[in-house]
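Peer 1: need a 3D model of the following:
(chains A, B, C and D)
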Number of protein chains: 2
Amino acid sequence: MKKQDNAPMNPLPLDSETMPLWSRAGFLIRRLNQIHYAMFLSECEEFDLTPVQYGILTELREHPDIDQISLAQEVGIDRSNAADILRRLEKRGLVSRHPSQRDRRMKLSRLTAEGERITLRMYDSMRRAQDKLLSPLPPEDQNAFIMMLMRLVSANNHLGRAVFHPT
Amino acid sequence: MKKQDNAPMNPLPLDSETMPLWSRAGFLIRRLNQIHYAMFLSECEEFDLTPVQYGILTELREHPDIDQISLAQEVGIDRSNAADILRRLEKRGLVSRHPSQRDRRMKLSRLTAEGERITLRMYDSMRRAQDKLLSPLPPEDQNAFIMMLMRLVSANNHLGRAVFHPT
DNA sequence: TGAAATTAGGAAGTATACTGATATATATTG
DNA sequence: CAATATATATCAGTATACTTCCTAATTTCA
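Peer 2: Predicted coordinates for the structure are as follows:
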């Protein structure tokens, strides 16, 4: 504080000029998510599946007969959202759902033969979308970027209803 | 979802069979967007506004009497989405909308006095959410991360129905 | 000048993402 | 064992984000 005069200056200057939208991490991450979504849909056009739907399919492939809450936690979505998506995937014949014998509250999901086939066929397209998203960065930066993303997500993984959320 | 910070990570496995969700940039960006959204809502709880709503308010503050399509482009959302959000903000008395005299197709939006007041009062809370999101990274990495985000977004800005022009 | 193309906004529909409430099944405990 | 607490799924409601189709106003150009 080198200012000597005590005249009242702008008490709260127009700080939105100091930090415009395009310099805010939250804005950039939202836009990058939109961009990846668009790239994914473009690369996977023939399959007509969204990134989250494909995430659920790959998770079901690794954990057949999983319940909806566990699946939602694995994929990082809300349980209510997971139920919606599973209903659509079931309607399309990619997933089958059956009540659990062990715990009749649970509804277990698994891939159908068609779901398994689609999931495997989509893998390369998904990979192309990932690569394309990061392609503006030089390879060593791509790696650093992924590492930072992992750190940021794992440090705050409890947020966003992704992991166990008692009401 | 159980990976620890100090666990060995393989960000870009070349294994053609399985690239787990946790190593996919698209998945991590979606999760980080959820996390920022949750942090923003938490920091800005008293205002009951979402990140996108606040983005529109700050943009209206810099460009009063803007049309909906230009506004949507500035904020990086779809024009149909912008119309929805403006309708809600108008309903809450934060925004007023009136037809343009110059071009009667256009509907122009501007902040109300209350909208202006809220926007200014929210600035610090928004900043806290930004800082909190990046806090797991050391300061020099925070800067590098933002730079990479900007590069990735500007390189693919044509995707996701937004036109992005930092001024 | 008048027809065609373009542009702005809206309506309807779908998908993602979350909150809150409820019904039912299971688990706990007094 | 009965009362209570917890867990699972579903439903209703809201917000974001996009698509397609539509109307109306403006601009272009033949």
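
Peer 1: do you know the pLDDT at the closest residue to A:S109 other than its chain neighbours?
Peer 2: Leaving aside its chain neighbours, A:S109 sits nearest to A:R97 (5.0 Å; criterion: C-beta to C-beta, 6 or more residues apart in numbering or on different chains). Quick note: C-beta positions are derived from backbone N, CA and C, even for glycine. Looking at A:R97, its pLDDT is 95.

Peer 1: so what does A:N157 have for phi and psi?
Peer 2: Main-chain torsions, A:N157, degrees, to the nearest 10: phi -70, psi -20.

Peer 1: let me see the ranges of the helices in chain A.
Peer 2: A:25-43, A:51-62, A:68-75, A:79-91, A:113-134, A:139-155 (DSSP state H).

Peer 1: coming back round to it: so what's the residue nearest to A:S109 up against?
Peer 2: A:L86, A:E90, A:K107, A:L108, A:S109 (C-beta atoms under 8 Å, 6 or more residues apart in numbering or on different chains).

Peer 1: in ChimeraX, how would I select the buried members of those residues?
Peer 2: Listed next is the ChimeraX selection for buried residues among the contacts of A:R97, using 16 or more other C-beta atoms under 10 Å in any protein chain shown:
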select /A:86,108,109
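
Peer 1: ok, and of the contacts of A:R97, which contact DNA strand D?
Peer 2: A:K107, A:L108 (C-beta under 7 Å from any atom of the strand).

Peer 1: from the contacts of A:R97, which two are the most distant?
Peer 2: A:E90 and A:L108 (12.0 Å; C-beta to C-beta).

Peer 1: what residues does chain A put near DNA strand D?
Peer 2: Contacts of chain A with DNA strand D, taken as C-beta under 7 Å from any atom of the strand, map to A:30, A:34, A:37-38, A:67-69, A:79-80, A:83, A:103, A:105-108, A:166.

Peer 1: list only buried entries from those residues.
Peer 2: A:R30, A:Q34, A:Y37, A:A38, A:D67, A:Q68, A:R79, A:A83, A:M106, A:L108.

Peer 1: which among those gets closest to A:H158?
Peer 2: For these, the nearest to A:H158 is A:R79 (15.2 Å; C-beta to C-beta).

Peer 1: any low-confidence regions in chain A?
Peer 2: Scanning chain A for pLDDT under 70 picks out A:1-18, A:160-167.

Peer 1: mind doing that once more with 80?
Peer 2: Counting by pLDDT under 80, chain A shows low-confidence ranges at A:1-18, A:158-167.

Peer 1: before we move on, back to that, near DNA strand C too, which of the residues of chain A next to DNA strand D?
Peer 2: Answer for these near DNA strand C (C-beta under 7 Å from any atom of the strand): A:S80, A:D103, A:R105.

Peer 1: measure the last one to A:G55 for me?
Peer 2: Taking C-beta to C-beta, to the nearest Å as the measure, A:R105 falls 24 Å from A:G55.

Peer 1: got the contact list for A:F47?
Peer 2: Contacts of A:F47 by C-beta under 8 Å, 6+ apart are A:Y54, A:I118, A:R121, A:M122, A:S125.

Peer 1: swap the cut-off to 6 Å and go again
Peer 2: Neighbouring residues of A:F47 by C-beta atoms under 6 Å, 6 or more residues apart in numbering or on different chains: A:M122.
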